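*Asks:* quick one: sequence plus predicted model below, questions after.
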Amino acid sequence: MLAYAAQQIARGSGAAGPLQHLGALNVLRSYVAGGLQQRESSRSFSTGNDHRHSSLYITDTDGKVLGHTPLLIGLVNYFERHLPYVGYYAPVGGSANPEKGTHPMDNQLRLIHDAFELKYDLKSMFCVSEDEAVREVAAGKRGDLVDRIYAAFQGYKEMHDMVIVHGTSVGSGRFDAEIASAIAAPAVIACQAKDQSLNDIARKVMMKKVMLDDYKVPILGVCLNKLPVFDSNIMITQLKRKFSEAGIPFLGAFPEDKLLRGVRLDELLPALNAEFMFGSKVQLDQEYSAVYVASQRLEELLELMANDGDTRPLVITSRDRLDIVLGLLASQVSVAGPNVAGILLTQAGFGNGRTYAHSIMSRMFEGLSKYYQGSLLPIMSTDLPLYEAVRRLDRVAGAVLPTSSRKIQHCKNLFDHCIDANQLVAGLEKEEALITSSKRVTPKMFAHSIKTKCLANQQHVVLPEGMEPRVIKAASEVTSRGLAKITLLGDPTAVAAEAKKLGADISECRIIDPKDYAGIDKYVAALLEARKGKNMTEEAARDAVANDVNMFGVMMVHAGDAQGMVSGSIHTTAATIRPAMQVTL
């Protein structure tokens with residue numbers, strides 16, 4: 001009956017259709033699992049001790065991975081208040097080494113990891129680098145990539161109560177939906193509202209909803225970012241109505257924020273290859289509001305800053321302008337002096353290596369730090385020429401770094417003020433209850449559970465249709481992934497030649513030709529014993545075992561030389577099931 005069940009699975013409803021090699025793989029997985037009594041509980045929400053594991057997928061309407069830092073920080077912070085182990089995961093990361101990488105996604109991983117002091121290292125927080133993901137998708141291996149992502153995510157998810165999953169920009173928006181569906185995570189749609197009309201926002205959200213619906217991904221709500229402040233109330237009211245009509249909960253909107261948009265001093269250091277020299281490091285976690293290039297005389301610079309009122313500028317000058325440094329330092333110590341964010345020193349002259357009184361400044365700052373109670377003006381230095389430093393500075397955008405304590409706290413405050421977390425959690429709990437009660441298992445979940453069982457208890461499977469190309473491909477894949485031991489039936493020379501033409505590696509497979517098998521007498525004797533009283537002669541038994549590959553496979557299982565047999569690619573239902581029935585009935 002097992003052979004019949006496997007054949008039915010391979011052929012769908014029992015019609016004489018060909019067995020696709022991926023279908024064969026699924027049949028093998030199902031068979032060697034030992035006959036599952038029931039599918040496992042969905043989404044790994046509960047384990048043996050009824051401990052819940054949940055996840056939330058953040059997907060952008062434009063397929064962008066950056067720009068939603070307040071939402072991500074706010075979500076992790078919110079769930080950390082209520083759950084002991086909260087994680088953050090990116091199916092597709094940035095570079096292969098996020099600890100030292102410069103990819104924007106590397107920065108995002110480091111930010112969440114360091115800001116919340118997450119337990120596990122950075123490499124466990126993503127599955128593949130962006131470059132590798134792009135190559136896999138371009139090579140048509142999207143399904144294999146989703147398999148890898150699912151398997152890696154399940155391992156990470158088991159170690160946490162809640163995981164915030166950061167969507168990817170690789171492929172299309174449908175690839176993002178496919179990943180969310182595979183890992184069975186409900187989604188929150190994130191949309192950038194800056195420079196977008198109300199209709200643009202609604203259209204993008206509706207398009208993303210269609211993609212998620214196609215993959216049956218539950219939508220917990222939509223969250224907007226960088227909503228213009230001047231007409232935010234009107235837009236929110238109208239968007240709430242539009243989303244409500246479409247059945248999408250509106251979770252809230254982050255406004256455009258001056259603090260998050262501002263550039264901090266310590267964000268300049270990596271952008272300009274600069275280093276901190278003197279002063280207070282605490283002030284590096286401060287934003288500057290303007291940039292002054294100090295090429296004039298000191299008194300003219302001080303007069304300019306005095307006329308600009310509350311401006312808090314970053315002053316850029318060359319290393320040989322010691323007068324500017326000393327003058328600004330003196331003005332800062334004085335309560336009446338202008339408020340300066342910091343000083344950036346650039347290359348002087350033609351980069352001749354002169355230190356320009358570096359030792360004098362060092363002694364001055366050392367002496368001031370002993371007697372001056374306030375914080376000292378931070379001074380940074382770069383080897384770039386003045387023009388190049390200013391040019392690069394113009395391209396630096398505000399960011400949130402692991403050291404941006406003010407911005408990180410501000411993101412948490414914004415989330416608490418702008419996002420309806422209660423509505424989000426209510427939707428999440430409702431979705432978990434529906435999934436738990438319905439025992440829903442996605443195809444990826446089922447395949448992964450079978451694969452896990454196969455790897456834990458490798459079985460021996462015989463494939464009678466050893467010359468069938470799709471069976472050869474399936475056998476190659478199964479053995480290469482260590483899912484089972486495989487025996488192919490057929491002429492060894494012919495099977496090897498066919499595999500070579502297909503580019504399939506069957507070096508780990510055993511190939512047996514029933515006609516020339518030295519141990520056939522054992523199977524003949526076993527068949528005669530099984531058919532005792534059925535008037536079967538030894539000659540008929542030998543002919544059946546030697547010339548019917550399905551009978552040979554059944555006898556291997558019957559004798560304990562294999563744990564299962566899969567057939568039905570080119571044989572009919574009757575030809576597949578008859579040998580099993582003759583032995584067991």
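*Replies:* Here it is on my side, so go on. Residues are numbered from 1 along each chain as shown.

*Asks:* element containing I189?
*Replies:* Secondary structure from DSSP states H and E places I189 in strand 187-192.

*Asks:* now do the helix or strand that that strand is followed by against strand 187-192, angle only.
*Replies:* Using DSSP H and E, the helix or strand that follows strand 187-192 in sequence is helix 198-214. With axes from the mean of the first three to the mean of the last three C-alpha atoms, to 10 degrees applied, the angle from helix 198-214 to strand 187-192 works out at 160 degrees.

*Asks:* quick revisit: adjacent strands (with direction) for the strand holding I189?
*Replies:* Here strand 187-192 has these sheet partners by DSSP bridges: strand 54-60 (parallel), strand 219-227 (parallel).

*Asks:* separation between the most centrally placed residue in the chain and T317?
*Replies:* In the chain, the residue lying closest to the centroid (C-alpha atoms, centre = their mean) is P91, at 1.0 Å. Separation of P91 from T317 (C-beta to C-beta, to the nearest Å): 46 Å. Where you see a C-beta, it was placed from the backbone N, CA and C, and this is true even at glycine.

*Asks:* thought A399 was touching E267?
*Replies:* Yes - under the criterion of C-beta atoms under 8 Å, A399 makes contact with E267 at 5.6 Å.

*Asks:* quick one: contacts for the residue nearest to the centre of the chain?
*Replies:* Taking C-beta atoms under 8 Å, 6 or more residues apart in numbering, we find P91 in contact with F126, C127, V128, I149, F153, V165, H166, G167, T168, I179, I183.

*Asks:* out of the residues you listed, who's nearest G337?
*Replies:* The shortest approach to G337 among the contacts of P91 belongs to H166, at 44.8 Å (C-beta to C-beta).

*Asks:* please report the distance of the closest residue to the closest one other than its chain neighbours from S181.
*Replies:* Nearest non-adjacent residue to H166, counting by C-beta to C-beta, 6 or more residues apart in numbering: A90, 4.4 Å away. A90 sits 17 Å away from S181, going by C-beta to C-beta.

*Asks:* mind telling me what element the residue nearest to V325 when sequence neighbours are not counted is part of?
*Replies:* Nearest residue to V325, sequence neighbours excluded (C-beta to C-beta, 6+ apart): I343, at 6.1 Å. Element membership for I343, per DSSP H and E: strand 342-346.

*Asks:* can you give me the buried ones in the very next helix or strand once past that strand?
*Replies:* As assigned by DSSP H and E, the chain's next helix or strand after strand 342-346 is helix 358-371. By 16 or more other C-beta atoms under 10 Å, the buried positions in helix 358-371 come out as M361, M364, F365, L368.

*Asks:* as TSV, those residues with distance to C223 would be great.
*Replies:* Formatted as TSV, the buried residues of helix 358-371 follow (distance: C-beta to C-beta, whole Å):
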residue	distance to C223
M361	48
M364	50
F365	46
L368	47
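
*Asks:* in TSV, list these along with pLDDT and distance to E287.
*Replies:* Listed next are those as TSV, based on pLDDT from 0 to 100; distance: C-beta to C-beta, whole Å:
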residue	pLDDT	distance to E287
M361	72	25
M364	74	26
F365	73	23
L368	72	24
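
*Asks:* pick the one among the residues you listed closest to P385.
*Replies:* Comparing the buried residues of helix 358-371 against P385 with C-beta to C-beta places M361 closest, at 20.7 Å.

*Asks:* gap between that closest one and G367?
*Replies:* Distance, M361 to G367, by C-beta to C-beta: 11 Å.

*Asks:* who has more neighbours out of A90 and S181?
*Replies:* Between A90 and S181, counted using other C-beta atoms under 10 Å, the more crowded position is A90 (24 against 21).

*Asks:* show me where the stretch 351-500 of the chain has strands.
*Replies:* Per DSSP state E, counting those that start in this stretch, the stretch 351-500 of the chain carries strands over the ranges 379-381, 459-463, 484-489.

*Asks:* ok so, going back, off-centre distance for the strand holding I343?
*Replies:* Centre-to-centre, strand 342-346 and its host chain are 39 Å apart (C-alpha atoms, centre = their mean, to the nearest Å).

*Asks:* identify the residues contacting that strand?
*Replies:* Identification of contacts with strand 342-346 by C-beta under 8 Å, 6+ apart yields 265, 268, 272, 274, 277, 279, 283-284, 288, 314-319, 324-325, 328, 377-382, 384-386, 389.

*Asks:* re earlier: now tell me what touches the strand holding I189 from outside.
*Replies:* 56-62, 64, 67-68, 71, 177, 180, 201, 204-205, 208-209, 212, 217-226, 248, 251, 424.

*Asks:* related to what we said a few turns ago, for the residue nearest to V325, give me the pLDDT.
*Replies:* If you check I343, the pLDDT there is 91.

*Asks:* kindly report the same for D285.
*Replies:* Note for D285: predicted pLDDT of 77.

*Asks:* do the one 4 residues further on as well
*Replies:* In this model, S289 is scored at 80, pLDDT.

*Asks:* and the contacts of strand 342-346, which are buried?
*Replies:* The neighbour count (16+ other C-beta under 10 Å) marks 265, 268, 272, 274, 279, 283-284, 288, 314-319, 324-325, 328, 377-382, 384-386, 389 as buried among these.

*Asks:* can I get the strands paired with strand 187-192 in JSON lines with distance to N107 and mean neighbour count?
*Replies:* Supplementary listing: the strands paired with strand 187-192 in JSON lines, determined by distance: least, C-beta to C-beta, whole Å; neighbours: other C-beta atoms under 10 Å:
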{"stretch": "strand 54-60", "distance to N107": "17", "mean neighbour count": "23"}
{"stretch": "strand 219-227", "distance to N107": "18", "mean neighbour count": "24"}
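
*Asks:* got TSV for the ones you listed, with mean pLDDT and distance to G533 too?
*Replies:* Below are those laid out as TSV (pLDDT from 0 to 100; distance: least, C-beta to C-beta, whole Å):
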stretch	mean pLDDT	distance to G533
strand 54-60	93	59
strand 219-227	93	64
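
*Asks:* which of the ones you listed sits closest to A474?
*Replies:* Comparing those by C-beta to C-beta, strand 54-60 comes nearest, at 31.7 Å.

*Asks:* okay, now the residue nearest to V325: neighbour count?
*Replies:* By other C-beta under 10 Å, 26 other residues sit near I343.

*Asks:* what pairs with it across the strands?
*Replies:* V315, I379.

*Asks:* where's it relative to G252, distance?
*Replies:* Separation of I343 from G252 (C-beta to C-beta): 40 Å.

*Asks:* which residues of this protein score low on pLDDT?
*Replies:* Scanning the chain for pLDDT under 70 picks out the ranges 1-53, 308-310, 335-336, 349-358, 369, 371-375, 433-445.
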